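1. give the three-dimensional model of this entry:
(one chain, ligands or ions: 1)
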Amino acid sequence: MSKLKQIQEAEARLLLSTYDRNPILFVSGEDVYLINEQGERYLDLLSGIGVNALGYSHPAIVEAIATQSRKLIHTSNLFYHEGQAELAQRLTERTGLDRVFFANTGSEAIEGALKLARAHAGLLRSEGKQIGTKFLALEHSFHGRTFGAVSATHKAKYREPFGPVVPGVEFVRLNDVADLRAKFSDEVCAILVESIQGEGGIRPLTQEFFAEARALANSTGALLIADEIQSGMGRTGKWCAYQHFGILPDVTTLAKPLAGGVPLGAIVCSEEAARAIHAGMHGTTFGGGPLACAVAIAVIDEIEKSNLLAHATEVGNYFLAQLRAIALRHNSIIDVRGKGLMVAVELDSADLGKLVVAEMLKRHIVINCTSDTVLRFLPPFILQRTHVDTAIRALDEILTNHDAAHAAATSEAKSMGDSIHV
Ligand SMILES: Cc1ncc(COP(=O)(O)O)c(C=O)c1O
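-> Coordinates of the predicted model:
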């Protein structure tokens, strides 16, 4: 029995059945390629769902892990170590915010941000301000799987099996300024947005909507929280996607590519929001450990040394232009959108979305489909134009084959219809 088969059988017996995995056993990775047990290389345009910013086996990451693991992997947050302040310095400078709390995952960062907003509203109330405890989140949002995060996540299938979820979240229609105004009041302690929605289908906020959220929050002292877990750390060509809008939130959340594949999340917030938190109110055993911090520092330094923000913009623009060119030939593509290396192709059917992902995989290219019909590309930041060309050729071929099959099926149905009339 193959090693993959053995693992599949063992997992089926031993794991909670949360995942519907593709039948591939990856054993290593190099540059932008994943390598399976037979030594076959797969071009990875998903990077572990937006995590492996520097691809695989990057010397900066390998070196940081080797060096730090020889010194200190974990201390707990009862003691100081060398990494947190150094990393926080880099994050505050790059986000435009003031203070950092380190967590382990995106969901945990969101949980902390929601708690921070409730605590901040409590502080304002104690100072005599009128402000409630409600959260506004957006339709099509995704903020994670823990209770607070999933309560602010729009898709019913993620929330409903676990009800009742955390109360006090209301969803606003994406980019509907009138709906935002109607639902906002001094009952709201925070507005939670993704500057560019990820799981929701790579949908950016409009400038008008984002600016209105900022203005409404300012009017009462509510916090504007920008979840940059998928769009942040340089993926869109800026450190945070909100920087494309010229809007500064009170709080941002980071995770995914932050430590290049080692789990690490962060809440970064303003001095004003940080007033609400005192020692003992919030914490974590693992968050911001020496290993994860050392790797995150190495990742940020490498992004700057190799000019990867400009590179993500340049290769991302090339990717979008190539996708727009093939969209002209395929009616099944109804939209191409994105920013930097956060790229989407919206198709006209969910079945086609599934088919394209499977066909790309057969051609050894990893992508995924989100929101049923949106092909999502979140490649490593080190992607080159030649990799884009490979992906475009494959996608063009798959859609051409599909168009031909579709045309043949339509003409067969038509001729059957004609013969019935005769
Ligand atoms: C925007 C956004 N927020 C939060 C999360 C949750 O992060 P994690 O899976 O690390 O808990 C995700 C994960 O996909 C995300 O895309």
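2. every contact and neighbour count from this point should use C-alpha atoms.
-> Noted.
3. which parts of the stretch 1-150 of the chain are strands?
-> 26-30, 33-36, 41-44, 99-103, 134-138 (DSSP state E, counting those that start in this stretch).
4. and the stretch 51-200 of the chain, which residues reach the ligand?
-> 105-107, 142-144, 198-199 (CA under 6 Å from any ligand atom).
5. in CSV, list the residues you listed along with pLDDT.
-> Converted to CSV, those look like this (pLDDT from 0 to 100):
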residue, pLDDT
105, 98
106, 98
107, 98
142, 98
143, 98
144, 98
198, 98
199, 97
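6. can I get those residues in TSV with neighbour count?
-> Formatted as TSV, these follow (neighbours: other CA atoms under 10 Å):
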residue	neighbour count
105	22
106	27
107	24
142	25
143	30
144	21
198	26
199	19
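7. can you redo these as JSON lines with distance to residue 134?
-> As requested, those are exported to JSON lines (distance: CA to CA, whole Å):
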{"residue": "105", "distance to residue 134": "24"}
{"residue": "106", "distance to residue 134": "21"}
{"residue": "107", "distance to residue 134": "19"}
{"residue": "142", "distance to residue 134": "18"}
{"residue": "143", "distance to residue 134": "16"}
{"residue": "144", "distance to residue 134": "19"}
{"residue": "198", "distance to residue 134": "24"}
{"residue": "199", "distance to residue 134": "24"}
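8. so of those residues, which ones are in helices?
-> Among these, DSSP state H puts 106-107 in helices.
9. any residues touching stretch 194-207, and which ones?
-> By CA atoms under 8 Å, 6 or more residues apart in numbering, the list of residues contacting stretch 194-207 from outside reads 140-142, 174-175, 210, 226-228, 230-231, 241-242, 245, 337-338, 342-344, 370-371, 374, 376.
10. if we use 6 Å, what do you get?
-> Contacts to stretch 194-207, defined as CA atoms under 6 Å, 6 or more residues apart in numbering, come from residues 140-141, 226-227, 241-242, 370-371, 374.
11. end to end, how far does it reach?
-> With CA to CA, to the nearest Å as the measure, stretch 194-207 spans 13 Å from end to end.
12. just the buried residues of that stretch, please?
-> 194-207 (16 or more other CA atoms under 10 Å).
13. do stretch 84-91 as well
-> Buried, per 16+ other CA under 10 Å, within stretch 84-91: 84, 87-88, 91.
14. name the nearest of these relative to the ligand.
-> The closest of those to the ligand turns out to be residue 91 (CA to the nearest ligand atom; 17.7 Å).
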